[in-house]
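[1] All I have is the shape, not the residue letters:
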């Protein structure tokens, strides 16, 4: 190999080593103020984007909460309307039960009066039978007629007693129905009052969720302004370089 070729290769190697050294030195040097500003601007932009995405997610969650609160309010109002209908029905049932109780009490009193009258007839027939037996004989026409009247009065008395027993059962059943309807009325009133409280609480939640949504919207607007400002700063810092 000639001396010229060796010298040329040595020169190229030295130049390459110089370039590598210069690059390493440049990297080792501290960044300039403009470069620091650019790096900070990029960092601020990344943070602004994170804040913006987070606030947008919060706003979407607030919107879901608002929609849920509205649905809850509508549902609670439907429940209140149904509770009011149930209360009116319960009142009508109680009114009907009270009317049935009064009628049962009247029937019971009337049947008791009939039974008492039948018992008086029985007692009278017994006296007449005893008198006719003594006066005309046991097998007399008068005594046989008295026995027939006594038998019929006993049949009537037994029938009236059955009517009384039936009236008592009806009266007990109507009282049970009246008491159950009264319990239903109280339960429906409690449900209605609870639904009213639920509406009140849902309205409070809706108001708070709307406040949160508005605050998140303000945060989004601020994040957009900050992002716009940081991008403008980045463009300005790059232009100064």
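    On my side now, so go ahead. Remember, it's a predicted structure, so these values are computed and weren't measured experimentally.

[2] which residue is nearest the centroid of the protein?
    Nearest to the geometric centre of the chain sits residue 76, at 6.4 Å (Cα atoms, centre = their mean).

[3] Could you tell me the per-residue confidence at it?
    At residue 76, the model reports a pLDDT of 94.

[4] Could you pull up the residues touching it?
    195, 198-199, 202 (Cβ atoms under 8 Å, 6 or more residues apart in numbering). Glycine gets a C-beta too; all of them are placed from N, C-alpha and C.

[5] Which element, helix or strand, includes residue 171?
    helix 141-240 (DSSP states H and E).

[6] what's near enough to touch residue 85?
    Counted by Cβ under 8 Å, 6+ apart, residue 85 has zero contacts.

[7] picking up where we left off before, buried subset of the contacts of residue 76?
    195, 198-199, 202 (16 or more other Cβ atoms under 10 Å).

[8] ok so, going back, now render the contacts of residue 76 as JSON lines, adding pLDDT and distance to residue 209.
    Below are the contacts of residue 76 laid out as JSON lines (pLDDT from 0 to 100; distance: Cβ to Cβ, whole Å):
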{"residue": "195", "pLDDT": "95", "distance to residue 209": "20"}
{"residue": "198", "pLDDT": "94", "distance to residue 209": "16"}
{"residue": "199", "pLDDT": "95", "distance to residue 209": "15"}
{"residue": "202", "pLDDT": "95", "distance to residue 209": "10"}
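
[9] Tell me the one of these nearest residue 178?
    residue 195 (25.6 Å; Cβ to Cβ).

[10] Next one: that closest one relative to residue 105, how far apart?
    Here residue 195 is placed at a distance of 38 Å from residue 105 (Cβ to Cβ, to the nearest Å).

[11] rewinding a little: any idea which element the residue nearest to the centre of the chain lies in?
    helix 33-136.

[12] For my notes, please list the contacts of residue 76 in TSV and give distance to residue 58 for each entry.
    Output for these, formatted as TSV (distance: Cβ to Cβ, whole Å):
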residue	distance to residue 58
195	31
198	26
199	26
202	21
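
[13] Could you identify the most distant pair in those residues?
    Farthest pair in these, by Cβ to Cβ: 195 and 202, 10.2 Å.
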